[in-house]
Structure formats: structure tokens, C-alpha cells
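Engineer: This is a predicted model, with the sequence first.
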Amino acid sequence: MSTSSAIIGWKNLTLGCAILEPGSSRKLKTGDWRSQHPVLDKEKCIKCAICYIDCPDIAYSQNEEGYFIADMTYCKGCGICANECPKDAITMKMEEE
Amino acid sequence: MAKRVGMEVSLGVSEAVKVADVDVIAAYPITPQTHIVEHLAELVANGELDAEFIPVESEHSAMSSCVGSSATGARTYTASSSQGLALMHEILYIVPALRLPVVMTIANRALSGPINIWNDHSDIMSERDIGWVQTFAENGQEAFDLSIHAFRVAEDHSVLLPVIVNLDGFTLTHVVEPFEILDRAEVAKYLPPYKPVQRLDPEHPMTMGAVGIPEVYTEAKKQVEDALVKSKSVVIQAWKEFGDLFGRYYHPVETYKTEGAETLLLTMGSVSETAMTAIDKMREAGKKVGLVRFRLWRPFPFEEFFEAVKGVKTLAVMDRAMSPGGPCGPVAAEVRAALYDQPNRPKVFSFVAGLGGRDVQVSDFEEIVSRAEIYAEKGAPATYDLIGVREI
């Protein structure tokens, strides 16, 4: 987990714990939390973008072919995309060692 | 020049907020605070005060709006009381956590139930640990002066914390008193324009109020506590500068006829003036009594308090709020805890009086002192005395 930057003494915190750097949430690699990952069956996918819309980590983006692919740096394996996919094109697979 | 006027104290507070040149007021009316914000709404409407007045739908929204407004760097004010303050509760902790210098007047009033609109301190004593600087006014002049002082302290770059000025509902808010009001030019000499250290600005995006994970929360609380404790020197310095400019000096702990006193009364707020009359009467009768009052309640003025009670045998603390099932009133509990490790500490006895607007008279203070003296000699009950309660 990328919390090491938070392990600092109170004297070094910013005023009111404000985050002064825009977009710094990108540094929190939530993919480290994952115990399972989504696998897309392109045969079933209709490119409806529901996975892209519903992903709580905005991990999905559209590739050149028009399919939506989750970025494993940020996908934390919650399975919402698999659950919401209207064509059951996404299945969750356990991570292996 | 300072102008001497006869004015309702609530309107005096509004005038103080006006000459402090606030940018935003977000407030919801509640008795006995209403006249303050009503008059401010008039001042904004008639162009005397160039500010935004946000007529919110609740006190929860009032304080939430103040957070947003202050975060953008605007000088921000609100006022509330009793149930209204209670409704703000969850937001109150967030304001110092974000280091926002919001100033709020509390027209102190009892909490329901039974429903009661009159004065005691149960509203503010329920908000003891919110992390705000808290001062208490005893009369109209103090309410005006402390309101100006509040902005100066809150916005000091070494403080950047919100400040509450307490004044007793009705007893102060609804009475007409003679006092000196300062004009904007005079106040400008004391209170410079607010320069935020950081603020929400689309040109320089930043996040306020992010989650504080377990690795951060303790440190975040420590940062605010450190600022609150250190704010005492700014509070004192700002009072000194106020006195140097305008001739009225204030201190964290005020004393009255404490020289040679063996027994001290301890009060907060407007009853202190009645207590002074009681002290005069008892002194004339040869009793060695005096009075000590907290003007600064948070941060707790330890050193000044220890100095004020030095050599005293008995301390009778008058609370205006109860702690049902607890050992004593909230002020007495703090005083006892603060004194516990002090050598030659006085015995502390707890008295609760003046609840829900019950009048506190000179005779009540005489009774408190005489009971405290008896307890000092013969031992006291483990809890507190409720003064003036009818048994049958």
C-alpha cells in the first residue's frame, strides 16, 4: 500500500492536512489491494461502457479497438464491473502467487 | 473617535461584525441570537456592509457554508445558540481541523428539554472539545470588543483557528447598555485585511478535508491541539494591543478583590457582575472573599489560573451547566483536574446555579460562599450542590 508518504510526524503535516498537489490520488496504487482481477471475453462484449462508468477507481479506459480494459495499477478487484456487465462478458479470476 | 452609544447588545455585536468588515455571513436565526443576524441582514441589505448574507436552511448548513466560504479565503462569521449550536455539532470539529478562522458568537442558552429559551451554559459546555478558541463576555462592551479581538486572533498566521465569543442570552443579548463602538477606520488599525495562507483557488487546485487514515489522524489532531495551546500567547498579545489602542484591557483570567482572600468564587459570563456585588457586600462584612473569572476558556489558561488562586484555601466554582451522573459541573471538573498536581492547592467545591434562565442573585453567591466554607471545614458531598432547587 502506498501509505509510506503519510508516515510523517505532526510537525511536517501541511496546514490542516491540505493536499497541495493536484491529482495526487494517482499515486495511490489501489491495484496492490487486489485479490482477483477482471477478465474480458471480447466475443461477448458489446462495448457498452458500463464497466467504464461504474468502476469506482476509474481504472477502465477504452483501447484502440473500442474495448474497455482495466488498468491493473488501479483495479482493486472489487468485481463491480463483472457484476454490472449486461452480457456477462467479465469474469473475476483469483490472483495467483 | 470612539462613539459612546446606548444600544442593545445584540446590535452592538452586529456593529462589531460590520466594522470588522466581514465578507460572508451564513446564519440561521434562533432565540436569543436572532437580533444579531437579523441586524446583520439589514446592514447587508441597506448597503452599510458589503458582504454576502447566506440565509441557510439550518445551523448544520450555516456552519457547512462557513467552512466553504472560509476555505475560499473570505472573512466569515456566523452566530447561533443552544439547539442551533447542537445541530452544528459535527461540522464544528471540522473547522479547526481545516484551520479555518471562522468567528462565531454564541448567545448562550439552555439545551432542551424541557424546552427553554433562557440563559445558561449547557450549549457551549457540550462543545468544549471542538478545538475552537473560546472566550466569554460579561457585558455589552466586552461583547463588542471580544468580537473584534476574535477575528484578529483567528486570522493570525500562527493560529488559523476558529473563535467562539460567548455572551449570555437575554441577560446580555436583549438588554440595552451604554458602550463605546469603534468605527471601521479605528478597527482597521487593529485588524488588517485577512490574508489566507492557503485557499481554494481554481488556478492552484488543492484538496481540503481529505480522509485521515489511522497513520495520519493522531498527527492531524496533534497539529490542531498544538496550534490551540500556542494560540494563548496570541490571544494575550492581541488583548494587550487592543488595550494600547482603545484603552480597555482584557486578560485570560480576571480577578476581583482577590488580595488576601481565603475563599474565591469562580464564575464565567454575565453573572460575574452580580458576583462582584456579592463580593463587595461580603468584604464589607469582613469576609476574606474574592472573585476569579475565566475570560478565556479554550485554550485553558493554566498559568494565569494557578497564579490567580495562589494561596487560596477554598475555591467555590459556579457552573451554569450540569453533568448528570458525573462528579461535578464541567468547569469545576476542569479546575479540579488542573489543580490536582499543584502544591498547596485550594479545596474545590462545585455549585450549579442559574440553569435555564433562573435568576442568580447576590444572596445565592453568599450562600455558595458560606456552604463552601462549611465544606472546607467539615467535608463536602462527593458531587455538587444545585443552588436554589425547590425540594417540595
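Structural biologist: Now that the structure is in, tell me what you want to look at.

Engineer: ok, the residue of chain A most remote from its centre to residue B:222 distance?
Structural biologist: Among residues of chain A, the one most distant from the C-alpha centroid is residue A:11; the distance is 32.7 Å, by Cα atoms, centre = their mean. The gap separating residue A:11 from residue B:222 is 9 Å, by Cβ to Cβ, to the nearest Å. The C-beta positions use only the backbone N, C-alpha and C, and glycine is treated the same way.

Engineer: picking up where we left off before, and the pLDDT for the residue farthest from the centre of chain A?
Structural biologist: For residue A:11, the pLDDT comes out at 96.

Engineer: For it, give its distance to residue B:219.
Structural biologist: 9 Å.

Engineer: so what pLDDT did residue 95 get?
Structural biologist: Using chain A. 91.

Engineer: other chain: chain B
Structural biologist: 98.

Engineer: Surely the residue farthest from the centre of chain A forms part of a helix?
Structural biologist: Yes - counting by DSSP: H, G, I helix; E, B strand; the rest coil, residue A:11 is located in a helix.

Engineer: Which residues are in contact with it?
Structural biologist: Neighbour list for residue A:11: residue B:223 [criterion: Cβ atoms under 8 Å, 6 or more residues apart in numbering or on different chains].

Engineer: redo that, cut-off 10 Å
Structural biologist: B:219, B:222, B:223, B:226 (Cβ atoms under 10 Å, 6 or more residues apart in numbering or on different chains).

Engineer: again, but for residue B:244
Structural biologist: residue B:190.

Engineer: can you count the residues close to residue 34?
Structural biologist: Just going to use chain A. Other residues near residue A:34 come to 16 when the count uses other Cβ atoms under 10 Å in any protein chain shown.

Engineer: could you do chain B instead?
Structural biologist: Residue B:34: 18 neighbours (other Cβ under 10 Å).

Engineer: That one and residue B:109 touch, don't they?
Structural biologist: No - look at residue B:34 against residue B:109 with Cβ atoms under 10 Å: they stay out of range, at 11.2 Å.

Engineer: So residue B:331: helix, strand or coil?
Structural biologist: Residue B:331 - assigned by three-state DSSP - is helix.

Engineer: What is the neighbour count of it?
Structural biologist: 24.

Engineer: Also residue B:14?
Structural biologist: 28.

Engineer: quick check, it in a strand?
Structural biologist: No - secondary structure of residue B:14 (three-state DSSP): helix, not part of a strand.

Engineer: Contacts only, for it.
Structural biologist: Contacts of residue B:14 (Cβ under 10 Å, 6+ apart): B:7-8, B:25, B:35-43, B:49, B:77, B:79, B:105, B:144, B:147.

Engineer: ok, back up a step: now, which of the contacts of residue A:11 lie close to chain A?
Structural biologist: B:219, B:222, B:223, B:226 (Cβ under 10 Å from any Cβ of the partner chain).

Engineer: so what's the first one closest to, chain neighbours aside?
Structural biologist: It stands for residue B:219. residue A:10 (3.8 Å; Cβ to Cβ, 6 or more residues apart in numbering or on different chains).

Engineer: spatially speaking, which residue is in the middle of chain A?
Structural biologist: residue A:75 (2.8 Å).

Engineer: For the strand or helix carrying residue B:307, list every residue counted as buried.
Structural biologist: Per DSSP states H and E, residue B:307 falls inside helix B:302-308. Neighbour-count burial for helix B:302-308 flags B:304, B:305, B:308 (criterion: 16 or more other Cβ atoms under 10 Å in any protein chain shown).
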